[in-house]
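Peer 1: sequence-free structure coming up:
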């Protein structure tokens with residue numbers, strides 16, 4: 001693979017602190033993996049590299065992609081998973097946090113019960129709203145009561161050997177920033193600390209990363225794609241690093257996904273607010289074709305929407321199509337309309353589920369890794385805990401007996417594929433599996449397959465290249481990191497999506513627009529006088 005000048009700079013730079021501002025479609029994951037490949041090829045110990053990802057699924061995918069280099073993989077994982085793994089595996093860390101054994105993740109029911117008991121025991125009169133806040137706006141007497149309450153909650157959790165995600169991350173981070181003796185070995189071990197999707201991070205994770213004072217630090221993200229402020233994340237951190245002279249800023253502006261017209265339009269979203277700032281990234285594209293269309297409000301009545309939706313359905317036979325909404329209510333409205341019109345649609349955003357099922361058929365280790373990456377945070381933490389205490393948890397039968405019920409459809413399809421391969425002639429098995437999973441295959445090619453592994457590889461290839469059946473309808477948050485030939489964005493600048501009210505909505509709009517490869521249509525509601533768009537943003541697009 002050939003890399004452009006900026007990508008090569010990311011791969012080859014030896015600066016001690018690097019912040020990479022990467023445009024949508026810039027290939028940042030590939031560049032990051034090749035940077036790791038270069039460092040390990042030059043002699044770095046893979047166990048000295050810590051890579052923090054945003055989700056467990058991203059960690060699994062990056063591990064899988066890296067192993068294709070034929071090199072030992074570094075440690076990939078989320079910040080939550082890393083913190084809990086230390087608690088599970090290191091007795092000294094547990095002792096420093098006040099635990100005598102491995103704590104379990106507290107359930108919502110546990111937390112409600114312990115909070116109620118704490119209020120009663122300590123005579124707390126503050127409202128739940130104030131107790132659940134950060135305490136910054138409380139008066140002196142209220143703050144005293146607030147602190148007493150939270151100390152009692154913490155004491156109760158530890159006495160019951162329970163821990164919350166907030167406690168886990170805050171307390172482990174405090175050990176690192178306070179340079180606790182039990183943490184010294186990790187500061188020595190990790191000589192390279194990387195963090196992806198850094199536009200969605202929080203101050204604790206930044207303090208954790210900065211505690212590695214002798215390590216090479218590398219963070220990567222795009223402030224324009226920040227989507228998770230409601231979880232306590234902020235893009236202020238990556239924006240601040242881009243302005244910090246101690247950090248080397250490298251930008252990846254080239255978008256290899258979208259046409260120039262789409263990229264130029266997307267550039268306008270943050271231009272007025274951010275132009276001239278060190279963190280503003282103006283995307284580039286050398287791909288011509290396609291266009292950006294602005295339409296009036298998407299019709300609510302079936303009779304007016306039907307021609308539009310049927311045209312999109314027809315386009316699905318050759319190209320992938322997505323209708324993106326700001327809210328789940330809008331998703332339900334569009335899907336209900338499609339159901340009434342008898343038009344096929346789907347709620348799964350890509351083919352990763354099909355490829356995961358197929359790859360799990362002959363590889364139990366992959367099956368465990370993939371399904372565990374789908375688990376919610378609480379269940380994934382439980383998996384880490386059980387893996388450390390029960391060696392059989394690394395075997396598929398035990399793993400599926402504990403976690404398989406949550407994904408019955410997936411497990412059922414894996415077992416169906418295995419049974420079909422075992423019971424039928426290979427070419428017949430391939431055709432039956434393809435029919436069951438709705439994958440298009442070439443029957444002539446299927447008859448030429450001679451080995452199970454070749455059959456699975458062929459089915460995976462077909463699944464990855466099969467055009468998506470039906471229109472994808474979902475929220476903008478559901479398609480982060482994905483792409484479609486044609487994208488329609490609904491309700492822009494309306495009551496539910498006042499794009500230019502704040503950076504959160506602007507970022508959502510930017511992410512939605514940059515999912516489109518060749519055609520982008522904006523369904524804009526009546527001009528929002530309270531939060532008007534920048535001058536010229538929609539000029540000329542009505543024609």
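Peer 2: Good, I have the coordinates. Quick caveat, the model's predicted, so the values are computed rather than measured. Numbers count the residues shown, from 1 in each chain.
Peer 1: three-state assignment of residue 8?
Peer 2: With DSSP: H, G, I helix; E, B strand; the rest coil as the basis, residue 8 sits in helix.
Peer 1: no, scratch that, I was asking about residue 50
Peer 2: Residue 50 ends up strand, using three-state DSSP.
Peer 1: what's near enough to touch it?
Peer 2: By Cβ atoms under 8 Å, 6 or more residues apart in numbering, the contact list for residue 50 reads 74-75, 82, 190, 192-194. Backbone N, C-alpha and C define where each C-beta goes, glycine included.
Peer 1: Spatially, and excluding backbone neighbours, which residue is closest to it.
Peer 2: residue 190 (4.6 Å; Cβ to Cβ, 6 or more residues apart in numbering).
Peer 1: residues contacting the one you found?
Peer 2: Contacts of residue 190 by Cβ under 8 Å, 6+ apart are 48-50, 212, 215.
Peer 1: switch the cut-off to 10 Å
Peer 2: Contact partners of residue 190, counting by Cβ atoms under 10 Å, 6 or more residues apart in numbering, are 47-50, 74-75, 212, 214-216.
Peer 1: Export those to JSON lines and append columns for pLDDT and distance to residue 420.
Peer 2: What follows is the contacts of residue 190, written out as JSON lines (pLDDT from 0 to 100; distance: Cβ to Cβ, whole Å):
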{"residue": "47", "pLDDT": "95", "distance to residue 420": "41"}
{"residue": "48", "pLDDT": "97", "distance to residue 420": "45"}
{"residue": "49", "pLDDT": "97", "distance to residue 420": "41"}
{"residue": "50", "pLDDT": "97", "distance to residue 420": "41"}
{"residue": "74", "pLDDT": "94", "distance to residue 420": "37"}
{"residue": "75", "pLDDT": "89", "distance to residue 420": "37"}
{"residue": "212", "pLDDT": "96", "distance to residue 420": "50"}
{"residue": "214", "pLDDT": "94", "distance to residue 420": "54"}
{"residue": "215", "pLDDT": "96", "distance to residue 420": "49"}
{"residue": "216", "pLDDT": "97", "distance to residue 420": "49"}
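Peer 1: In strands, which of the residues you listed appear?
Peer 2: Taking DSSP state E, the ones among the contacts of residue 190 that sit in strands are 49-50, 75, 216.
Peer 1: List the buried residues of the helix or strand bottoming out on mean pLDDT in the chain.
Peer 2: Counting by mean pLDDT, DSSP states H and E, the chain has its least confident helix or strand at helix 443-446, which shows a mean of 80. Within helix 443-446, the residues that count as buried by 16 or more other Cβ atoms under 10 Å are residue 446.
Peer 1: Equivalent analysis for stretch 324-344, please.
Peer 2: 324-326, 330-331, 333-335, 337-338, 343.
Peer 1: quick one: which two of these are the most distant?
Peer 2: Spatial extent of those (Cβ to Cβ) is set by the pair 326 and 343 at 21.8 Å.
Peer 1: hmm, back to that, looking at the ones in strands among the contacts of residue 190, which two lie furthest apart in space?
Peer 2: Farthest pair in the ones in strands among the contacts of residue 190 (Cβ to Cβ) is 75 and 216. Separation: 14.9 Å.
Peer 1: how about the helices in the stretch 401-543 of the chain?
Peer 2: Assigned by DSSP state H, counting those that start in this stretch, the helices in the stretch 401-543 of the chain fall at 408-423, 426-437, 443-446, 452-465, 503-513.
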